[in-house]
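1. got a sequence here, can you build the structure:
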Amino acid sequence: MSNDWTSLEERLGYRFADRDLLSEALTHPSYAYEKGGGRGDNQRLEYLGDAVLQLVISEHLYRDGKQEDEGRMTKMRADLVCEPTLTLLARSLGLGDQLKLGRGESLSGGADNPSNLSDAMEALIGALYLDGGMERTRERVLALFAPYIDMAFAGRLTYDHKSRLFEWAQSRPDTRVLFSLLQTQGPEHDRIYRVGLYIRDRLEAEGQGRTIKAAEQDAARIFFDKRGEN
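-> Reported below is the predicted structural model:
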């Protein structure tokens, strides 16, 4: 983790006037707890960023998706603001390298944990809103999300890697797929689940998520990533 945020700001396309906001957005609760008893983490900014993101995406879908009904827009918005999309954006910005993590979280791979990355992405949007205002935030959010918005309108934005995995297995005789819960971390209100993906009784991938289903999706995604099929 480095405190030189210049490259991050260049990728984001925005330079913060208040660097404390950026620092807060990149502070995981585990780090804040170790350093100051739990104050100053990115959870409040995450809360704000989620609301701002929902509004920006909803407004854009309403304005540009004039032929789309409410149900279709709701589905597209859900696919756009979900953990997988936010994680991909966070990775494209290199947020994992900039996250301030507690020692245990860092040692357990927290810098590439989808939950941590998606939370940090929302917190970054919240910080951007407070620092630059709504218009600047809208501009940056729509620029970052543009490829995914295009995919959503085309009906190609989907993250059902688990269904794809079972289809893959069904085409191969005697290929048995099994997910198994490996670990549960965190307090009850903020659980992180880690599952293993076993194929023919061999551990092929591990995934993490806020729910067991999300962790299974992550494990299936990682499996295809390893095969170069994503």
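2. contacts only, for Leu80.
-> For Leu80, the contact set (C-beta atoms under 8 Å, 6 or more residues apart in numbering) comprises 57, 145, 148-149, 152, 157. Every residue, glycine included, has its C-beta placed from N, CA and C.
3. what spatial separation is found between Ala78 and Leu22?
-> Using C-beta to C-beta, to the nearest Å, Ala78 is found at 28 Å from Leu22.
4. so what touches stretch 116-124?
-> Contacts for stretch 116-124 (C-beta under 8 Å, 6+ apart): 12, 22, 24-26, 28, 42-43, 45-46, 49-50, 53, 83, 86-87, 89-91, 93, 95-96, 99, 101, 105, 110.
5. now stretch 165-182
-> 193-201, 206, 212, 216, 219-220, 223-224.
6. pull out the buried residues from that stretch.
-> Buried residues in stretch 165-182, counted by 16 or more other C-beta atoms under 10 Å: 165, 168, 177, 179.
7. which outside residues touch the host helix or strand of Ala215?
-> Ala215 is part of helix 212-227 when elements are defined by DSSP states H and E. Identification of contacts with helix 212-227 by C-beta under 8 Å, 6+ apart yields 83-84, 114, 159-162, 164-165, 179, 181, 193-197, 199, 204-209, 230.
8. what of stretch 13-31?
-> Defining contact as C-beta under 8 Å, 6+ apart, one finds that stretch 13-31 is touched by 3, 5, 8-9, 38, 40-43, 45, 49, 95, 98-102, 104-105, 110, 116, 120, 123-124, 126-128, 130-132, 136, 140, 143, 190.
9. return the subset of the residues you listed lying in strands.
-> Among the contacts of stretch 13-31, none falls in strands (DSSP state E).
10. give the ChimeraX command for selecting the buried subset of the residues you listed.
-> Restricted to buried positions by 16+ other C-beta under 10 Å, the ChimeraX selection for those reads:
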select :5,8,40,41,42,43,45,49,95,98,99,100,101,102,105,110,116,120,123,124,126,127,128,130,131,132,140
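11. the more surrounded of Ala78 and Leu22?
-> Taking other C-beta atoms under 10 Å, Ala78 and Leu22 do not tie; Leu22 has more neighbours (25 against 12).
12. alright, calling it a day.
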